[in-house]
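A.B. asks: quick one: sequence plus predicted model below, questions after.
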Amino acid sequence: MSNIRQQRLIYLFAGFLILTGVILRVFRHYDLIALPPNFAPVGAIAMSAAVTLPRRLALIVPLVLMLASDWLIGWYNLPIMLTDYATFGVSTMIGLWLKRNVTVWRVLGGSLFGSIIF
């Protein structure tokens, strides 16, 4: 596969993750879909992006996802927003750590830790 085609697929996947996350957050906010309490698809997307995408995109995907969905939903309490953004940043860092050290136990532990901090 050519390098240009590979780059295109990487950006396409990043866009898919962002679009999916925005749709899930907006639909949940307006009660268009029923998701369990404290279900955080953004945390899972942040961790998945960190494991599968290059480092720079891994850091950008959850940030763009949160900014775009908050813009559509409406901004809310600033301290809560900053806390949410920070926890998704930690989920991204966990994913970047997992990318270098993948084992079943580390993935389970990282997922559990990411859920606990949210």
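C.D. replies: That came through, no problem.

A.B. asks: what ranges do the helices span in the protein?
C.D. replies: 3-29, 41-52, 55-73, 78-100, 104-117 (DSSP state H).

A.B. asks: so what's the gap between stretch 6-16 and the chain middle?
C.D. replies: 15 Å (Cα atoms, centre = their mean, to the nearest Å).

A.B. asks: average pLDDT for that stretch, rounded please.
C.D. replies: On average, the pLDDT along stretch 6-16 is 93.

A.B. asks: hang on, the earlier thing: which of the helices of the chain is buried the deepest?
C.D. replies: helix 41-52 (a mean of 22; mean count of other Cβ atoms under 10 Å). The way it works is simple: take the backbone N, C-alpha and C, and place the C-beta from them, glycine included.

A.B. asks: now do that helix: which elements does it pack against?
C.D. replies: helix 3-29, helix 55-73, helix 78-100, helix 104-117 (3 or more Cβ pairs under 8 Å, 6 or more residues apart in numbering; DSSP states H and E).

A.B. asks: Gly43: which of those helices is closest?
C.D. replies: helix 78-100 (4.5 Å; Cβ to Cβ).

A.B. asks: quick one: residues in contact with that closest one.
C.D. replies: Helix 78-100 is contacted from outside by 42-44, 46-51, 55, 58-59, 62-63, 66, 70, 75, 106-107, 110, 113-114, 117-118, using Cβ atoms under 8 Å, 6 or more residues apart in numbering.

A.B. asks: give me the pLDDT for the residue lying closest to Val22 once chain neighbours are set aside.
C.D. replies: Leaving aside its chain neighbours, Val22 sits nearest to Ser69 (4.6 Å; criterion: Cβ to Cβ, 6 or more residues apart in numbering). We have a pLDDT of 91 for Ser69.
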